[in-house]
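A.B. asks: Structure, please.
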Amino acid sequence: MRNLQIIFFQSLRLLLSERILYTTLFSFLLSFIFLMFLLLCFWNLLPSISWAKNLFFGIYDYLFNYFWFFIISSAFIYLFPSISTIISGFFLENIVDNVNKSLGVYAEFKFEGDGFLGGIIAGVRILGFSTIIFLVILILKWFFISSIIISILIQFLASSYIIGREYYEIVSIKYFPLEESIRFKRKNFLNIFIVGIICNLIFILPIINLFAPTLSTIFMTLRFNQLKLSSS
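C.D. replies: Residues are numbered from 1 along each chain as shown. Have a look, this model is predicted:
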């Protein structure tokens, strides 16, 4: 845990470093615009469901309070990480390059990756898998799980696994061919999953989530280099 704390604060310093500052500010602006758009959509949805009040009468307030927290939380976990990753995707592989230059390990790169497409591909994959998770959670919540907290927790852990896996791919594609990347991922499954949980928390926490794609990429790059060093 202490090691992860050190990596997190190191990530914050790199976030504002000269190499990454321009990307950080641009990613912040794009994420801010998207977050405001997302919140505006949810806000405008409220009046459109007023018909339910006439339909359900007294139990409307109970149903609204019960389900609205679940829908808002679930939809945010579903949409924000994937869309913000797609929006910032043009810059994420460049961030990996700059972090590794700061660490002095850039010369170890064996492959060029996908260029500007790596982050976008990761964001699209996160969106696709998160859509499946979201639909499964809705079914579980409707038929099997009465607790909103348990439903949100299951979705959070599942999406954390997806985020960890896809951000790992952004970094590992620079070092490994596909087969070796899969072996390394399996060997370090728990570590990558824990990084995914931390990155998912970064996407949720107010203010800091505006830097989430950039900060998550830096964090994963630093942790990846640690794991690579320890396994060599």
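
A.B. asks: switch to C-alpha atoms for all contacts and neighbour counts from now on
C.D. replies: Fine.

A.B. asks: For the closest residue to Leu21 other than its chain neighbours, give me its contacts.
C.D. replies: Distance criterion Cα to Cα, 6 or more residues apart in numbering; nearest residue to Leu21, sequence neighbours excluded, is Leu15 at 6.4 Å. Going by Cα atoms under 8 Å, 6 or more residues apart in numbering, Leu15 touches Leu21, Thr24, Thr214, Leu215, Ile218.

A.B. asks: how near is Arg165 to Ile149?
C.D. replies: Distance, Arg165 to Ile149, using Cα to Cα, to the nearest Å: 24 Å.

A.B. asks: and those two? which has more neighbours close in?
C.D. replies: The neighbour comparison of Arg165 against Ile149 (other Cα atoms under 10 Å) goes to Arg165, with 19 against 12.

A.B. asks: Which residues are in contact with the more buried one?
C.D. replies: Remark: with contacts taken as Cα under 8 Å, 6+ apart, Arg165 is in contact with Ile192, Phe193, Gly196.

A.B. asks: The first one: which element?
C.D. replies: What that stands for is Ile192. Using DSSP states H and E, Ile192 falls within helix 189-204.

A.B. asks: Show me what that helix is in contact with.
C.D. replies: Counting by Cα under 8 Å, 6+ apart, 77, 80-81, 156-157, 159-165, 168, 185, 208-210, 212-213, 216, 219-220, 223 sit against helix 189-204.

A.B. asks: how about it: buried residues?
C.D. replies: Using 16 or more other Cα atoms under 10 Å as the test for burial, helix 189-204 gives 191-204.

A.B. asks: Name the residue closest to the centre of this protein, please.
C.D. replies: Taking Cα atoms, centre = their mean, the centroid of the chain lies closest to Pro81, which sits 4.0 Å from it.

A.B. asks: what about that residue, distance to Trp142?
C.D. replies: For Pro81 relative to Trp142 (Cα to Cα), the value is 24 Å.

A.B. asks: likewise Tyr167?
C.D. replies: The gap separating Tyr167 from Trp142 is 31 Å, by Cα to Cα.

A.B. asks: Show me how far stretch 197-209 is from its chain's centre.
C.D. replies: With Cα atoms, centre = their mean, to the nearest Å as the basis, stretch 197-209 stands 8 Å off its chain's centre.

A.B. asks: And stretch 156-167, by the same measure?
C.D. replies: On Cα atoms, centre = their mean, the centre of stretch 156-167 falls 7 Å from the chain's centre.

A.B. asks: looking at the chain, which helix or strand is least sure?
C.D. replies: Among the helices and strands of the chain, helix 51-56 carries the lowest confidence by mean pLDDT, DSSP states H and E, at a mean of 47.
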